[in-house]
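> quick one, fold the following:
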Amino acid sequence: NGEGTAIAPALNDDTLRQQNTDEDLQRTIANGRPGTLMAGWDQALTPEEISDLVSLIRYWGEIPAGLLPEPELPPIASTDAEVIAAGEKLFAVACSTCHGSAGQGSRMAPALNVQSFLTETNDQAIKAIISQGVPDTRMPAWGGRLTDEQLNSLVSFLRSWEPDAPSAAQSTQTGTGGQGGRPGWLQNNQQENQGGLLKWLWGN
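Okay, the predicted model is just below:
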């Protein structure tokens, strides 16, 4: 419905439509936004498809509710204990240095073991972040180094945290967990902040 999530801003938004021309929207879709989770789609979409997306964003508010069907996204995460265990091992090797041993976050990267991320981010989005990385941030792309099976096991491990994940990032006695080196990082993990967990990746 384009109303935004914890990791991405709303597109079905009058303010966005007023502040951006069609050319602005086309440029963002085609080239992405460096330093954010927004990748460029100029290699994956044709100019006509990008133009169609711009038209959707421009006139989204005029489309009757329910006319656009919600896409059915098959889950990636598995509840199989062996798959989760494999993901846990990968996380310890590849992810824990930045995101913390229990996903609590650090000065280098945000918490992942937190409701504001897990409930607002579907399996496909988590896999895309891991696979494609985030340009101009510390988050590298792992798609060329991990197999699809390994990526899915990481998603499964992260998803296994969801039932017991805290509502906001938790600080630790060392002062490193649940905090970050950029202004507002911890604030953006607060439950009351509707900007969500990874707002810092999108900028202001």
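> could you use CA atoms for every contact and neighbour count after this?
Noted.
> how many neighbours does residue 124 have?
15 (other Cα atoms under 10 Å).
> ok, the closest residue to it other than its chain neighbours - contacts?
In space, and not counting its chain neighbours, residue 124 is closest to residue 76: 7.0 Å by Cα to Cα, 6 or more residues apart in numbering. Contacts for residue 76 were tallied using Cα atoms under 8 Å, 6 or more residues apart in numbering; they are 123-124, 152, 155-156.
> measure how buried the residue lying closest to residue 137 once chain neighbours are set aside is and give me the count.
Sequence neighbours aside, residue 35 is the residue nearest to residue 137 in space, at 5.6 Å (criterion: Cα to Cα, 6+ apart). Residue 35 has 17 neighbours, counted by other Cα under 10 Å.
> 57 is where my numbering starts, stick with that
Yes, from this point I'll number from 57; that puts the last item at residue 91.
> shouldn't residue 91 be in contact with residue 192?
Yes: shown here, residue 91 and residue 192 form a contact pair, counting by Cα atoms under 8 Å, at 4.4 Å.
> which residues are in contact with both of these two?
Counting by Cα under 8 Å, 6+ apart, nothing touches both residue 91 and residue 192.
> burial of residue 198, as a residue count?
17.
> one more: residue 138?
The number of residues packed near residue 138 is 11, by other Cα under 10 Å.
> for residue 212, see how far away it is.
Using Cα to Cα, to the nearest Å, residue 138 is found at 10 Å from residue 212.
> where do the helices of the protein begin and end?
Using DSSP state H, the helices found in the chain span residues 70-75, 78-87, 103-115, 137-150, 152-155, 171-174, 179-188, 204-216, 255-258.
> if we can go back for a sec, farthest-separated two in the contacts of residue 132?
The span of those, defined through Cα to Cα, is set by 180 and 212 at 11.3 Å.
> what's the closest non-adjacent residue to residue 189?
residue 197 (3.8 Å).
> quick one: neighbours of the one you found, just the number.
16.
> just the one 4 residues further on next, same as before
Residues within reach of residue 201, counting by other Cα under 10 Å, total 10.
> kindly report the same for the one 10 residues further on.
As a burial measure, residue 211 scores 27 neighbours (other Cα under 10 Å).
> looking at the chain, which helix or strand is least sure?
The helix or strand of the chain with the poorest confidence is helix 255-258; it has a mean of 40 (mean pLDDT, DSSP states H and E).
> point out where the protein drops to low pLDDT.
Where the chain drops to pLDDT under 70, the residues are 62-63, 226-260.
> 80 instead?
Scanning the chain with the threshold set as pLDDT under 80 gives 57, 61-64, 90-93, 95, 99-100, 121-122, 124-129, 190-192, 224-260.
> domain parsing of it, as residue ranges.
Under the assignment automatic domain parsing, the domains of the chain span 57-128, 137-258.
> return the most buried member of those domains.
With neighbours defined by mean count of other Cα atoms under 10 Å, none of these is more surrounded on average than domain 137-258, at a mean of 19.
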